[in-house]
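[1] Structure, please.
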Amino acid sequence: MRELDQEKAITLLNSIMECELAGVVRYTHYSLMVTGPNRIPIVDFFKMQATESLTHAQQVGEILTGLEGHPSLKIASMEETFQHSVKNILEESLNHEKRALDLYKLLLETVSDASVYLEEFARTMIGTEELHNIEIKKMLRDFSGSAV
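    From the prediction side, this is the model:
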């Protein structure tokens, strides 16, 4: 195995933590903005996403401190389009999830063959984020009539 680039891993983990914390804010906001006849299940979906983002941020923070890093107090920048149709919210959610997926993939590249634990963590999170992407794409199909 090669040596872990701890500094690079810590930097990436902080970026992931900031992204996940932005997800908490984003999904909480979305849960408040949904209107219409399907409001209740969609609100529940966004509340679950906010809770999961917080859990992910906490997991990443634990790893950061374990690597002697200092968890960021920042959140990633968020666009606010002020477009709150369910379709717009889901499209923004998909963009957010793709960004998180890309960050976890970068983490995997950084830790591969250097830390079994971090490699497995990154793989698990990639799987989770891929599932989120699939679910949101399926939800968006109702608006486009085809796969996104």
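
[2] can you give me the helices in the protein?
    6-33, 39-66, 86-111, 116-144 (DSSP state H).

[3] closest to Lys74 out of these?
    Nearest to Lys74 among the helices of the chain is helix 6-33 (5.1 Å), distances taken as Cβ to Cβ. Placement of C-beta: from N, CA and C, glycine included.

[4] how about that closest one: buried residues?
    By neighbour count on 16 or more other Cβ atoms under 10 Å, the buried set for helix 6-33 is 9-10, 12-24, 26-31, 33.

[5] Same question for stretch 123-131.
    123, 125-126, 128-129.

[6] which residues sit against it?
    56, 97, 100-101, 104-105, 107-108 (Cβ atoms under 8 Å, 6 or more residues apart in numbering).

[7] Let me know the closest of the buried residues of stretch 123-131 to His84.
    Distances from His84 to the buried residues of stretch 123-131, taken by Cβ to Cβ, are shortest for Glu129, at 23.9 Å.

[8] I'd like the distance between Thr55 and Leu131.
    Thr55 sits 15 Å away from Leu131, going by Cβ to Cβ, to the nearest Å.

[9] Tell me the one of the contacts of stretch 123-131 nearest Lys137?
    Nearest member of these to Lys137, counting by Cβ to Cβ, is Glu97, at 9.6 Å.

[10] Please give me every residue in contact with the spatially closest residue to the closest one that is not a sequence neighbour.
    Closest residue to Glu97 apart from its sequence neighbours, by Cβ to Cβ, 6 or more residues apart in numbering: His132 at 4.6 Å. By Cβ under 8 Å, 6+ apart, the contact list for His132 reads 49, 97, 100.

[11] In the residues you listed, which residue is surrounded by the most others?
    Ala100 (25 neighbours; other Cβ atoms under 10 Å).

[12] ok, it touching Ile16?
    Yes. Here Ala100 reaches Ile16: they are 7.3 Å apart, a contact under Cβ atoms under 8 Å.

[13] Give me the pLDDT for the nearest residue to Gln6 once chain neighbours are set aside.
    With Cβ to Cβ, 6+ apart as the measure, Leu67 is the residue that lies nearest to Gln6, at 5.7 Å, once sequence neighbours are left out. You'll see Leu67 listed with a pLDDT of 97.
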